[in-house]
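> What would the 3D arrangement of this be:
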Amino acid sequence: MNDADDKTSSLLAALWLRNLPLVEGRLALLDRAAAAIADGRLTEELREEASHTAHKLAGSLGMYGYDEGTRIAREIEVLLAGDGTRDAARFGNLVAELQRAVFPEA
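Residues are numbered from 1 along each chain as shown. This next block holds a predicted model:
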């Protein structure tokens, strides 16, 4: 690695740490949506918010090297855009996969 690569890596690590609470909040919102789907009480407002959240995660996780997280977030976004939320177990599993992809040590 050269000096520029080291600086870029350091900058990305610092940005990740600064944005960590935001990422955790977005994951928590998807978890709430999964619970609402499982209980049959997903509102349109929560569905839209969760869809936007999944879209944001899909767009940002790859920047930090979480390519698998990006893939899963995109899949969640697609489910929220269609009738995929009818399969509560699948949706819940994807949210859990996303959490493990982002925080494997948790």
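> Can you spell out which helices and strands pack onto the worst-scoring helix or strand of the chain on mean pLDDT?
Each helix and strand of the chain was given a mean pLDDT (mean pLDDT, DSSP states H and E); the minimum falls on helix 3-38 at a mean of 92. In terms of contact count using 3 or more CB pairs under 8 Å, 6 or more residues apart in numbering; DSSP states H and E, helix 3-38 is assigned the packing partners helix 44-61, helix 88-102. C-beta here means a position set from N, CA and C on the backbone, and glycine is covered the same way.
> Kindly reformat those helices as JSON lines containing mean neighbour count and mean pLDDT.
Below are these laid out as JSON lines (neighbours: other CB atoms under 10 Å; pLDDT from 0 to 100):
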{"stretch": "helix 44-61", "mean neighbour count": "18", "mean pLDDT": "96"}
{"stretch": "helix 88-102", "mean neighbour count": "18", "mean pLDDT": "96"}
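> Turn these into a markdown table, columns for distance to Asn2.
Listed next are those as a markdown table, based on distance: least, CB to CB, whole Å:
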| stretch | distance to Asn2 |
| --- | --- |
| helix 44-61 | 26 |
| helix 88-102 | 28 |
